[in-house]
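*Asks:* Coordinates for the following, if possible.
(4 chains)
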There are 4 protein chains.
Amino acid sequence: MGTAEFNWPVRVYYEDTDAGGIVYNANYLKFLERARTEWLRTLGIEQDTLLEQDIAFVVRHVDIQFRQAARFNQQLNVSCHVAELKRASIVFEQKIIDESGSLIVSAAVTVACVRISQMKPVAIPEAVSGVILRATN
Amino acid sequence: MGTAEFNWPVRVYYEDTDAGGIVYNANYLKFLERARTEWLRTLGIEQDTLLEQDIAFVVRHVDIQFRQAARFNQQLNVSCHVAELKRASIVFEQKIIDESGSLIVSAAVTVACVRISQMKPVAIPEAVSGVILRATN
Amino acid sequence: MGTAEFNWPVRVYYEDTDAGGIVYNANYLKFLERARTEWLRTLGIEQDTLLEQDIAFVVRHVDIQFRQAARFNQQLNVSCHVAELKRASIVFEQKIIDESGSLIVSAAVTVACVRISQMKPVAIPEAVSGVILRATN
Amino acid sequence: MGTAEFNWPVRVYYEDTDAGGIVYNANYLKFLERARTEWLRTLGIEQDTLLEQDIAFVVRHVDIQFRQAARFNQQLNVSCHVAELKRASIVFEQKIIDESGSLIVSAAVTVACVRISQMKPVAIPEAVSGVILRATN
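*Replies:* Residues are numbered from 1 along each chain as shown, chains lettered A, B, ... in the order given. Model prediction:
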């Protein structure tokens, strides 16, 4: 795939932290998804419209390294890059860095396209995959 | 209403806390709902079955006092008492206390019965309201 | 207090919704807090700096009306208005509306200033209360 | 390591689900952590006591496969097995299954022992590693 990369800012609020004083591990998965969602939006793809067509992108696999802890009130940047576009799934490579450029999290996330009423894999609609192909080449 | 009270234990995990070292405020609303859900379950009312009938209990109003902070790893008790049973809504009085009996949270929670596809209020199904009436009298 | 009002946009992501297809009730409290945090930030008040001084604003009371359900992918606006500034606490009036201006949530939120190591109420530092006074008059 | 396996029940509440009608992906990480926490508790290890000693177990790496979707109100079982005990970290193998035994999630989770004030890796206290060794052999 091409080298296009999307970036999305995320502020760390109290809701995101835990008693260790750092961002709670599961919450990074939310940050990663926000970036993927906003990237799709910049391509004109709205997931509520997909949902009305019984289509959703569902996370199938996450391999995530927590490199360094982010803290309350930090301003983070979440990047999103398509590593692989398959017939019914997309593999993203994503990074979260802080204001100083320190790497907080790196992750590979595979999302599958499913018919949500049956939770069965389906091909990504051509209207969607076409837009993604053009954006990443 | 009668004096029957239901109690449900909740353990405080890292996921529930914030960087202040205490339970994050919004998470107490989750604890309150778990107790209401489990109380309904003891009455034989399963909310996934209601949802299949296009019926859900939706929170309409919460008045919640945060009296004292609960901390990581504490074992809390959440109580649930029906203060008022109306045609299409229920008012609960709920308390959260810690192991030593200290009051953490007190709340009044109004849930409305809605047809979820339209988000319109509907009468609580008789099968449900009858069971609640018998349990609280 | 004066009429100054602060507004903060919030997008509804999957993380914010529940199986009823709507924003999960507790998550609105997170949205309300984001707006209060960002309002403080515009006044030059950073809560991580306060935390280093052993000071935190802790939510003491919330009275929240859920008027209408917000749905996945909606763009909401959260407003924040100081209704009362006391020696050791602030009462906020807050509203959440959707893109069409429909009222989703209205709430009164009381936050107390506490010495976090002891969880004891303390006077709001003058540097903070002065800035708030000037901003709201 | 030995074959000892720990099991912890988790009920799916509204708070855990999303608008797709299924458990939100990040929330499975919370379920996995609850099981690890409760397993440590059965060994007599309380994490708030560790935290007072400036010690915390921090998640460093998660490789998680979402095999099948869990739904609202399901009763899940979360297992926890020590795959590897190192000087300053533990690798867990964990599974989540539903009432019918269907595999929902499988994951490998590496947690590191850190001095939380500095977020630096430290050897797992002998009192802790000894107990774990005895439990898993």
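
*Asks:* Okay, now stretch A:116-125: how far is its last residue from its first?
*Replies:* Taking C-alpha to C-alpha, to the nearest Å, stretch A:116-125 runs 14 Å from one end to the other.

*Asks:* Tell me, how many residues neighbour A:Ala108?
*Replies:* Counted with other C-beta atoms under 10 Å in any protein chain shown, the neighbours of A:Ala108 add up to 16. The way it works is simple: take the backbone N, C-alpha and C, and place the C-beta from them, glycine included.

*Asks:* same check, this time on A:Ser117
*Replies:* The number of residues packed near A:Ser117 is 10, by other C-beta under 10 Å.

*Asks:* Relative to chain B, how far out is the nearest residue to it once chain neighbours are set aside?
*Replies:* Across the structure, with C-beta to C-beta, 6 or more residues apart in numbering or on different chains as the measure, the residue nearest A:Ser117 apart from its sequence neighbours is A:Asp54 (5.3 Å). Distance check for A:Asp54 against chain B: by C-beta to the nearest C-beta, to the nearest Å, it reads 15 Å.

*Asks:* shouldn't A:Asp54 be in contact with A:Val114?
*Replies:* No: taking C-beta atoms under 8 Å as the definition, A:Asp54 is not a contact partner of A:Val114, at 9.1 Å.

*Asks:* quick one: which of those two has more around it?
*Replies:* Counting neighbours by other C-beta under 10 Å for A:Asp54 and for A:Val114 shows that A:Val114 has the greater number, 22 against 12.

*Asks:* isn't that one right up against A:Ala56?
*Replies:* Yes: under the contact definition of C-beta under 8 Å, A:Val114 touches A:Ala56, with a separation of 5.8 Å.

*Asks:* all strands of chain A, in order?
*Replies:* Secondary structure of chain A by DSSP state E: the strands cover A:6-11, A:55-66, A:75-85, A:89-97, A:103-115, A:120-121.

*Asks:* To C:Arg87, which of these lies closest?
*Replies:* C:Arg87 lies closest to strand A:6-11 among the strands of chain A, at 29.4 Å (C-beta to C-beta).

*Asks:* Report the inter-axis angle for the closest one versus strand A:75-85.
*Replies:* With axes from the mean of the first three to the mean of the last three C-alpha atoms, to 10 degrees applied, the angle from strand A:6-11 to strand A:75-85 works out at 150 degrees.

*Asks:* which one in chain A is furthest away from the centre?
*Replies:* For chain A, the largest distance from the centre (C-alpha atoms, centre = their mean) belongs to A:Ala19, which lies 25.9 Å off.

*Asks:* Wait, that one touches B:Tyr14, no?
*Replies:* Yes: A:Ala19 lies in contact with B:Tyr14 (C-beta under 8 Å); the separation is 6.2 Å.

*Asks:* Report the set of residues contacting both of the two.
*Replies:* Residues touching both A:Ala19 and B:Tyr14 comprise B:Phe72, with contact defined as C-beta atoms under 8 Å, 6 or more residues apart in numbering or on different chains.

*Asks:* Mind listing what's buried along the longest helix belonging to chain A?
*Replies:* Under DSSP state H, the helix in chain A containing the largest number of residues is helix A:25-42. Neighbour-count burial for helix A:25-42, with 16 or more other C-beta atoms under 10 Å in any protein chain shown as criterion, is recorded at A:25-40.

*Asks:* and A:Asn137, how far is that from chain B?
*Replies:* A:Asn137 sits 40 Å away from chain B, taking C-beta to the nearest C-beta as the criterion.

*Asks:* Those residues of chain A touching chain D, which are they?
*Replies:* Within chain A, the positions lying close to chain D (C-beta under 8 Å from any C-beta of the partner chain) are A:19-22, A:25-27, A:29-30, A:33, A:51, A:56, A:58-66, A:68-69, A:116, A:119.
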